[in-house]
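> Have a look; sequence and predicted model below, questions after that.
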Amino acid sequence: MRGWLLFHNDVADGVPEAEEIRRFIEAGKRRGIKLDALRPRDFELIVSTERDWRAEYANGKLPRPDFIIPRTGSETSYFTLAVIRQFERMGVPLINGAEAVEACADKLQTLQLLSASGLPIPTTILAKFPVDVDVIERELGFPVVVKKLRSTRGAGVVLCQDREQFDDLASLLGDAAHQSDFIFQQYIARSHGRDVRLLVIGDKIAASMERRSLNGNFKSNISLGGSGECINPPDEMAQLAIDAAKALRLDIAGIDVLYDEKGYRICEANSSPGFVGLEKACPVSVPDKVFDYIIDRLKPPEAPRRSIWSRITRRKPKEKVRETEKA
């Protein structure tokens, strides 16, 4: 079996998420799966009426893979989406597909889709400038969370404690070049400094951990120094994560869930979730879980076996015809 893993950067020390890429490649070798890490920008995207397989990459041609795993996350550009769509429409199985990757690359679109499916989320407002602070206070209250639409590993997320602090930040953001790149989000006090990351693979919970801040910060990301503890999620939380993955059409998903006074709310969804911290907290090999899913998905369906009874009943009409002919 041969697969591609789409990744924006070189698989080198110090590159965020490079360790996850190496884990995939090593696990693939162990299982006889050749996995190539390819940069989307190095493809020559040629659209024509030809029906034969064609993949031009870095001045060379690549054979057709059995599957493709995009690991581009929030850094997914228009070009990368075009590459994913190209091979998806040529019939290569994508884990995850272009629609799902695009939905998760934009935090607001993620929340719009989850909300349309009736799933609980923090109330969110897309930033526009100048900011009407009265609207923010009326709809969200203070403190309020400010996020970049495209960010990962907890970067680009701040908590404004009061109106005065928010005014200062809004003025600063209003002078930025990309004013529409931010959202304002309801602060969920009960989940301050903690949340749960659930890994969903093929409509099943593969692993989950509760993340906690160790310094009082409201962000609990492992990449920011938080700690992770493997947990067995309550049925309601597990089902919420599975429903979120289905709503976003994700084969593989990292769903972040917040604790709320009335239960839980979905904070974010990731189409290429980091899992180094998850593997340290939980006794699980994420690449192996993913490969198990891919192998099962690509397995050709077995031909239905006819029972002895069906074979007997199929022969009976023929026997009756012969008896009639003899008569």
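It's in.

> Which positions in stretch 231-247 come out as buried?
231, 233, 237-238, 240-245, 247 (16 or more other CB atoms under 10 Å). Just so you know, the C-beta spots here come from the backbone N, C-alpha and C atoms, and that holds for glycine as well.

> Find the residue at the geometric middle of this structure.
residue 271 (1.7 Å; CA atoms, centre = their mean).

> thought that one was touching residue 70?
Yes. Using CB atoms under 8 Å, residue 271 is in contact with residue 70, at 7.1 Å.

> hang on, the earlier thing: which among the buried residues of stretch 231-247 gets closest to residue 44?
residue 245 (33.0 Å; CB to CB).

> Give me the distance from the host helix or strand of the closest one to the chain's centre.
Using DSSP states H and E, residue 245 sits in helix 235-247. With CA atoms, centre = their mean, to the nearest Å as the basis, helix 235-247 stands 13 Å off its chain's centre.

> again, but for stretch 27-43
For stretch 27-43, the distance from its own C-alpha centre to the chain's C-alpha centre is 19 Å (CA atoms, centre = their mean).

> quick one: buried residues of that stretch?
Buried-residue list, stretch 27-43, by 16+ other CB under 10 Å: 27-28, 33, 35, 37-40, 43.

> Would you mind writing the CA trace of it as CSV?
The C-alpha atoms that make up stretch 27-43 are tabulated as CSV, following Å, rounded to 0.1, in the frame of the first residue of the first chain:
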residue,chain,number,x,y,z
ALA,A,27,4.4,3.4,11.7
GLY,A,28,3.8,3.0,7.9
LYS,A,29,7.1,1.3,7.4
ARG,A,30,6.4,-1.1,10.2
ARG,A,31,3.2,-2.1,8.6
GLY,A,32,4.4,-2.2,5.0
ILE,A,33,2.8,1.1,4.0
LYS,A,34,5.0,3.4,2.0
LEU,A,35,4.1,7.0,3.0
ASP,A,36,5.6,10.0,1.2
ALA,A,37,5.4,13.5,2.8
LEU,A,38,4.8,15.9,0.0
ARG,A,39,4.5,19.7,-0.1
PRO,A,40,1.3,20.9,-1.9
ARG,A,41,3.1,23.9,-3.4
ASP,A,42,5.5,21.6,-5.2
PHE,A,43,2.7,20.1,-7.4
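
> what mean pLDDT does that stretch have?
Averaging pLDDT along stretch 27-43 gives 95.
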